[in-house]
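>>> For reference, the sequence and a predicted model appear below.
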Amino acid sequence: MAAVESTTPPLLAMRGIGKKFTGVTALAGVDFTVRAGEIHALLGENGAGKSTLIKVLTGVHAPDAGEISLNGKPIRPASPKEAESAGISTVYQEVNLISSLSVAENIGLGRQPGWGGFLNWRALRRHAREALARLEIKCDVDAELGSLPLAIQQMVAIARALDLQAKLLILDEPTASLDEKEVEELFKIMRQLRGQGMGIVFVTHFLDQVYKITDRITVLRNGELVGEYATAELGRLQLVSKMLGREVKDEEGHLAGAKDAASKADATESSAPLLEVHQLGRRGAVHPLDITMRKGEVTGLAGLLGSGRTETARLLFGIDHADSGKIKIRGQTQKISSPRDAVKLGLAFCSEDRKVEGILPNLSVRENIIFALQAKRGAWRTISRMEQDKLAEHYIQALRIKTASAETPIKNLSGGNQQKALLARWLATQPELIILDEPTRGIDIGAKAEIEQLIAKLRSEGMAVLFISSEIEEVVRNSTRISILRERRKVAEMNGAEIDLHRLLHEMAGAAQPHE
Amino acid sequence: MSKSTSWSWRKSPAIWPLVGLVLLGLINLVYSKNFFSITQRDGHYVGTIIDILKNGSPGLILSLGMTLVIATGGIDLSVGSVMAIVGAAAATMMAHGTTSLPLVLAVSLGVGALCGLVNGVLISWLRIQPIVATLILMVAGRGIAPLITDGNQVLIKLDSYNYFGSGFILGLPVAPLVVIVLYLVVWLWLRRSATGLFIEAAGDNETASRFAGLATARIKCLVYIVCGLCAAVAGILATSSIGNSDPMNDGQYMELDAIFAVVVGGTALNGGRFNFLGTFLAALMLKTLTITMYFVGVRPEVAPVPKAVLIIVVCLMQSETTRRWLGRLGRRAQA
Amino acid sequence: MNTLLRNRLPQLTTAVIFLLLFAAASLRYDYFFSTRNVSSLFISNGSLGVIAVGMTLVIFAGGIDLSVGAVAGFANIFVATMVQAHGWHPIPAIFVGVAIGVAFGASMGTMIHYFKQPAFLVTLAGMFFARGCAFWISESSVTVKHPFFLYLTDIKAELGGTIVHPLPAIIFFIVIGAGYLIAQFTRFGRNLLAIGGNEQSALLMGLPVGATKITAYAICGGTAALGGLVNTFITGSGNCTYGTGLELDAIATVVIGGTLLTGGRGHMFGTLLGVLIVGTIQLIIAFDGTLNAAWTRIITGMLLLVFILLQRLLLRATQKRVA
């Protein structure tokens, strides 16, 4: 369904939006247009600027540059409330309603019908029932919101947004926790709203869904606009290429893959596997999958954002509990129910979210580096201060961590150096298997090369590495074997010489043939 | 790149309570020239400073345990009630004929540890918020303590027990010596083993600590047990100093003083690095403040008012909002 | 109907416990079930009830106020002293007393919301402050002999054969009635629960979070002062030590009434039940004669624990797991 060209101004027009946070440019010169009666997908990998753009639109951040206009009139929302009054409503993945209150209350909160200051509950309930009926949602308006399935909670959020006379509806990752049937219900409502002239922004990483329901796609990358396209005219492979910033030329991709794979032909295929994962899965996180890892191998885990890579790592490391499957280490089935168990078995996990899951912010670089090792040894087998200093110094040199001293609180270091310190923390435990989740994110080019060299060194020393990265060339360059995930399923595996950048892209995109 | 940075007063947060103490000392000098004097009488030393140390001992010990709890990001509102419970238990034991001091001490400490364990289990395994969990023992404890003594105050006649609160070693009162020993023992334990590091890590970022392989639930439970033990010791010192157990009033509101001492002493309420020296000085400062009020002529019952003002001032100073205001004022002044 | 039942489960549990308790006591003790007893439940706990109403509103919003006992004590001695020693007429004294409570609560609320300080610490300091001020006004108790005052304390009514002084109960009913209307039928009341349920979401939904929280603390300060006043009507005098420990009783009353201590869930009716239960426990202990008065605190503590655990379990059972 191609959008009809008209002279009326688009529903939403964002022009030249720029936003900087201390030292980081989140958005630069981004245009974003949504027409009335259109479902528009906003896509981009990590760091693309999607969430910043949405926050600018909903008044959470003020843009440093650019303008926003709604139906031709310029607006400057300074708070979520103002954005809502202007007609822009957002439904977040975590729903952001009050789960302890009823459905009816949530729909009417802040605007309950009443008389002389006193609320009219009957009118509130009736109003809510009508709002839900308009979307053909069936649920008890007196039910506590938190007791309902997430899918229904989202629909209540949409009903509230409608009630607020929204003209533009932003759906931020709405399908991430829904099953297929629920997704269909949601799409039904979205189509209905589109038919009524509403503009819908659909932020997601599920490409199948993008192709099923959206009319147009805007792709962001590294804070800049890559382009705006009609969904029907953009092939899957092209879309993924644009998201990753890669122009895929057949020959090049093929050669690059073969060359790197050949250099790793010393694959230790014959040795017994270190880690065998059999049908490991968790509802809502990742479908049951198998992985095998051997000593001296780097297994790459490739996939787009949301494909389930980190979720898989968390299952392996005992952070999340698996619903199914088993893990065998050196042939013996092991129960890994906590990170502590994993560490005891010789595993290590360098998380992608270093701020929340990695650094001990106020503790020194030295303390951060020795921490996992000390935790492993327990409270009484202390690492003497001298040994600690030696260890810290060793890794600060080896990984070239830029810090004023080993005693500096780690929160004062730049992101990249924090990442290196965390890497040092795990290396200090001398693990047999290390999971690296986006180890090069936020690190400068020089440091990235150092980390890659480090991975090669670890491999040659016999460590098994699980390497997760959104940069596919990195994955291709460093891995001896690659597992490809798409939409929470493992869809393919490539070993050694089979590694091929081109095919990798295809599998990640879900494109069946080399071109749509 | 330098190795370890040396400790200095300038950098430690303990400097603030020290400054407070010095100020109070000066104020006191103005009002009574004998403030700092220590004389000998009946074979032991007496003086205002000695009194402050002796009467402040229970509070100092409570603050010790509270420091650890707050360092993990928690709080323990029940310490005052635990003091009362332990005092009541000890007094009742002795009133019923027990003359073995080790037994009395063992039971007292055991009771304190048990109370701490209850808090620890509620908080680390049942995942109840620390304020809520310790509130329960705070309320119930005010009932358990009188129950043990049948509602009465109980006189303590065992000399060896009362020695803690009223006796002397080398002319100095026993209680402050117990305090110093306890502080040293705990400090050594936490710094010689990795437990101190674990506590700070669990308070600084619990998720990251857990992902790094730390058994955070166990650490959190441990600090509440230690806090309970400290409350037990404080209870012993308090009851042995007056020679009786008053289950309704022992330890009342002392948890608040302890929390205050920890916060002013430089340990953040959200957890992380703890500072024993700061806690010690701040608790001492608080006691000195009360005595100073008395010398200046303020009635002891009204003394809570300046304490409250102090807490508010500290709160304001620690607040982000204040810093922003001051920043804005500073910029306007420059313009 | 089924959903409404499920939503009110905590209050129903409390109601059942209360009825069982009262019934058991009536069977065990002679003359327990009498008009005198039932009316004393409301009269002698009038102060606690009034204070608990304000505390309920603050807890709805996810806050807590540890100063209410001290504020009650302050109002108690303030009004008595103003009337007796300074010749004020009771009515302006009462108004000023409550106004001070309101202003005090509002300032604490401002510290908590704008300066982002933890509620328990700020209200703790508030407790110290108010208690100290109470002592500063007068250390000894003050008996009020003003004619209007004596008239108030003397209001009698005949109920089923016995004479009672119903003023505290009447005030309690008025206050809890108002509390119920506010909590159930005003936007302010519903906003309190929204903020307690999820402050972030409440902000995003555009609710006036700051104003609502500060108002809640202000009301709480006001009811605390009022509670202290009610006590002067019962005893005919003011005492600076009144209210010691009352904050804990108030919190326990609210939680036993089924309100979640972390906020977002609860009903004013639950607070009424909480007062009844605490009152019944005290009555039973007084009636029994052999039971130590200390048992009140222990049982209150135990009930508090049971309810907090119950709340946790209920929460886990009804909330769907968000992936």
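It's in.

>>> how about the strands in the stretch 151-300 of chain C?
C:157-159, C:162-164, C:237-238 (DSSP state E, counting those that start in this stretch).

>>> Ok, which of those comes nearest A:Glu352?
Of all the strands of the stretch 151-300 of chain C, strand C:237-238 sits nearest to A:Glu352, with 63.3 Å by CB to CB. (C-beta placed from N, C-alpha, C; glycine too.)

>>> Provide the count of other residues in contact range of whatever residue of chain B ends up closest to chain A.
In chain B, no residue comes nearer to chain A than B:Gly213, which is 3.7 Å away by CB to the nearest CB. If you count neighbours by other CB atoms under 10 Å in any protein chain shown, B:Gly213 ends up with 25.

>>> Neighbours of residue 145, how many?
No chain in the question, so chain A it is. 25.

>>> wrong one, chain C
Neighbours of C:Lys145 using other CB under 10 Å come to 11.

>>> Domain-wise, how is chain A divided?
A:12-244, A:250-346+A:432-509, A:357-430 (automatic domain parsing).

>>> in stretch A:134-141, what counts as buried?
A:Leu135, A:Ile137, A:Cys139, A:Asp140, A:Val141 (16 or more other CB atoms under 10 Å in any protein chain shown).

>>> Mark which of the residues you listed are part of strands, please.
Per DSSP state E, strands hold no members of the buried residues of stretch A:134-141.

>>> Please tabulate those in CSV, including the columns distance to chain B and pLDDT.
Shown next, in CSV, are the buried residues of stretch A:134-141 (distance: CB to the nearest CB, whole Å; pLDDT from 0 to 100):
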residue, distance to chain B, pLDDT
A:Leu135, 37, 85
A:Ile137, 34, 85
A:Cys139, 30, 88
A:Asp140, 30, 90
A:Val141, 31, 91
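
>>> on that earlier part again, select, out of the domains of chain A, the one closest to C:Arg187.
Taking the domains of chain A one by one with CB to CB, domain A:12-244 is closest: 5.9 Å.

>>> Need the distance between the two termini of the closest one.
Domain A:12-244 has an end-to-end distance of 26 Å (CA to CA, to the nearest Å).

>>> How far does that domain sit from its chain's centre?
18 Å (CA atoms, centre = their mean, to the nearest Å).

>>> Tell me if that domain is near chain C.
Yes. Judged by CB under 8 Å from any CB of the partner chain, domain A:12-244 and chain C are in contact via A:79-81, A:84, A:94, A:96-102, A:105, A:109-110, A:112, A:114, A:117-119, A:121, A:140, A:142-144, A:146-150, A:176-177.

>>> quick one on the thing from earlier: least reliable of the domains of chain A going by mean pLDDT?
With a mean of 83, domain A:250-346+A:432-509 has the lowest mean pLDDT of the domains of chain A.

>>> hmm, it touching chain C?
Yes. Interface with chain C: domain A:250-346+A:432-509 contributes A:Arg283, A:Gly284, A:Ala285 (CB under 8 Å from any CB).

>>> quick one: the residue sitting furthest away from the middle of chain A and B:Gly235, what's the gap?
Here the centre of chain A is the reference, and by CA atoms, centre = their mean the most remote residue is A:Gly116, at 47.9 Å. Going from A:Gly116 to B:Gly235 by CB to CB, to the nearest Å gives 57 Å.

>>> got it, and A:Ser307?
59 Å.

>>> likewise A:Glu45?
From A:Glu45 over to B:Gly235 (counting by CB to CB), the distance is 60 Å.

>>> who's more crowded, those two?
Per other CB under 10 Å, whichever of A:Glu45 and B:Gly235 has more neighbours is B:Gly235, with 34 against 20.

>>> Now go through the residues of domain A:12-244 next to chain C and say which are in strands.
A:Gly114, A:Phe118, A:Leu119.

>>> Does A:Leu225 belong to a helix, a strand or coil?
strand (DSSP: H, G, I helix; E, B strand; the rest coil).

>>> Please name the residues that touch it.
Going by CB atoms under 8 Å, 6 or more residues apart in numbering or on different chains, A:Leu225 touches A:Gly29, A:Val30, A:Asp31, A:Phe32, A:Thr218, A:Val219.

>>> In the stretch 151-300 of chain A, what residue comes closest to chain C?
Taking CB to the nearest CB, the stretch 151-300 of chain A has A:Gly284 as its residue nearest chain C, at 3.3 Å.

>>> in what helix or strand does B:Tyr45 lie?
strand B:44-46 (DSSP states H and E).

>>> Report the distance from that strand to the chain centre.
25 Å.

>>> surely A:Asn46 meets A:Arg441?
Yes. When contacts are counted by CB atoms under 8 Å, A:Asn46 is listed as touching A:Arg441 (7.2 Å).

>>> more neighbours, the two?
A:Arg441 (18 against 15).

>>> would you say the more buried one is within a helix?
No. Assigned with three-state DSSP, A:Arg441 falls outside any helix and is coil.

>>> Who are the contact partners of it?
By CB under 8 Å, 6+ apart, A:Arg441 lies in contact with A:Asn46, A:Gly47, A:Glu352, A:Gln419, A:Ser470.

>>> Can you tell me how far A:Arg309 is from chain C?
Distance, A:Arg309 to chain C, by CB to the nearest CB, to the nearest Å: 16 Å.

>>> what does the stretch 51-200 of chain C put close to chain B?
Residues of the stretch 51-200 of chain C lying near chain B (CB under 8 Å from any CB): C:64, C:111, C:114-118, C:120-122, C:124-129, C:131-133, C:135-136, C:139.

>>> correction: the stretch 51-200 of chain A
Within the stretch 51-200 of chain A, no position is near chain B by CB under 8 Å from any CB.

>>> Report how many residues lie close to the residue of the stretch 51-200 of chain A found nearest chain C.
Nearest residue of the stretch 51-200 of chain A to chain C, counting by CB to the nearest CB: A:Lys81, 3.4 Å away. By the measure other CB under 10 Å, the count of residues near A:Lys81 is 17.

>>> Quick check: chain neighbours aside, which residue is closest to it?
In space, and not counting its chain neighbours, A:Lys81 is closest to C:Gly206: 3.4 Å by CB to CB, 6 or more residues apart in numbering or on different chains.

>>> For the one you found, which residues are in contact?
Applying CB under 8 Å, 6+ apart to C:Gly206 gives the contacts A:Ser79, A:Pro80, A:Lys81, A:Glu84, A:Gly110.

>>> which of those residues has the most neighbours?
That'd be A:Glu84 among the contacts of C:Gly206, by other CB under 10 Å, with 23 neighbours.

>>> coming back round to it: closest to C:Val144 out of the contacts of A:Leu225?
A:Phe32 (71.3 Å).

>>> count of neighbours near the closest one?
Neighbours of A:Phe32 (other CB under 10 Å): 24.

>>> just A:Met243 next, same as before
A:Met243 has 24 neighbours, counted by other CB under 10 Å.

>>> and it, helix, strand or coil?
Per three-state DSSP, A:Met243 ends up helix.

>>> got a list of contacts for the helix or strand hosting A:Glu393?
Taking DSSP H and E as the criterion, A:Glu393 maps to helix A:385-398. Contacts to helix A:385-398, defined as CB under 8 Å, 6+ apart, come from residues A:365-367, A:369-370, A:373, A:383, A:401, A:403, A:406, A:421, A:424, A:427-428, B:1, B:3-4.
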